[in-house]
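Asks: Here is my input, please return the structure:
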Amino acid sequence: QVQLVESGGGLVQAGGSLKLSCAASGRTFSTYGMGWFRQAPGKEREFVAALFWSGSSTAYADSVKGRFTISRDNAKNTVYLQMNSLKPEDTAVYYCAADLRRRLVPSTRISQYDYWGQGTQVTVSS
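Replies: Next up, the predicted model:
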């Protein structure tokens, strides 16, 4: 069983930055592929960023490419999402997720993830 706890959400003005954290339980965190997804009101959950289990490869949604960066610290069992140049359309609940399979590429589909956090709200004002 893996537990994921997100933190770092909040209210920020357009153009600002936030850094989300996701603390994971489990002694084999370094073998998990990790991802961030988001869900805005009235919309489906969508992929944001993913990090290969080895940390050697990343994937980003086109809408956040160049503005968001996913990273991990295996010593702290934590994955991060640095969000810069935030826009009002980035407003959503952000979820981190863990993929326990050692895939060949970062996982970008919801169905590929085994465990999810409870989410953290990010609100970007214009």
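Asks: What residues are bridge-paired with residue 13?
Replies: Counting by DSSP bridges, residue 13 is bridged to residue 125.
Asks: Just give me the neighbour total for it.
Replies: 10 (other Cβ atoms under 10 Å). (Each C-beta comes from the backbone N, C-alpha and C, glycine too.)
Asks: Quick check, it in contact with residue 123.
Replies: No. Using Cβ atoms under 8 Å, residue 13 is not in contact with residue 123; the gap is 10.1 Å.
Asks: quick one, strands of this protein?
Replies: 4-7, 10-13, 18-24, 33-39, 46-51, 58-60, 68-73, 78-83, 92-99, 115-116, 120-125 (DSSP state E).
Asks: And the contacts of the second one?
Replies: By that I understand strand 10-13. With contact meaning Cβ atoms under 8 Å, 6 or more residues apart in numbering, strand 10-13 is reached by 18, 86, 121-125.
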